[in-house]
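Visitor: Here's a sequence, model it:
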Amino acid sequence: MTPSDPQTCRRALREIAEIAAVARLQDSRMSPQDALAAIAAIAGWVEDEAPRSVAACGDVIASINALTGGADIDDLTDRDAIDLFSRVARTLQRRV
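Guide: Here you go, the predicted model:
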């Protein structure tokens, strides 16, 4: 997904934030790999970029949760919504 439409970014960020938060719960049934795959699909992320190890997936999910956890996504300005989505996408693209 090209982060140029603020409303689309907000929708994606809400879903991504929810998945990251659920995956970080202590008794979550969602593995870090499953969470990352779901987030990647939402973000239009290319599978080739995906980290392979459990620890690497957990680190990426923690980073995404940190980025989105405190954000009031609906109150972000258009520019801030696009910027936050871009930061999440860059986090996904970082090779671990």
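Visitor: quick one: secondary structure of the nearest residue to A71 once chain neighbours are set aside?
Guide: Closest residue to A71 apart from its sequence neighbours, by C-beta to C-beta, 6 or more residues apart in numbering: L84 at 6.1 Å. (Each C-beta comes from the backbone N, C-alpha and C, glycine too.) Following DSSP: H, G, I helix; E, B strand; the rest coil, the label given to L84 is helix.
Visitor: these two touch, right, L84 and L13?
Guide: Yes. If you go by C-beta atoms under 8 Å, L84 and L13 touch, sitting 6.1 Å apart.
Visitor: Give the residues shared as contacts by those two.
Guide: 68, 71, 73 (C-beta atoms under 8 Å, 6 or more residues apart in numbering).
Visitor: Do me a favour and get the end-to-end distance for stretch 18-33?
Guide: 15 Å (C-alpha to C-alpha, to the nearest Å).
Visitor: Tell me which residues of that stretch come out buried.
Guide: 19-21, 23-24, 30, 32-33 (16 or more other C-beta atoms under 10 Å).
Visitor: From these, pick the one nearest D80.
Guide: A20 (18.2 Å; C-beta to C-beta).
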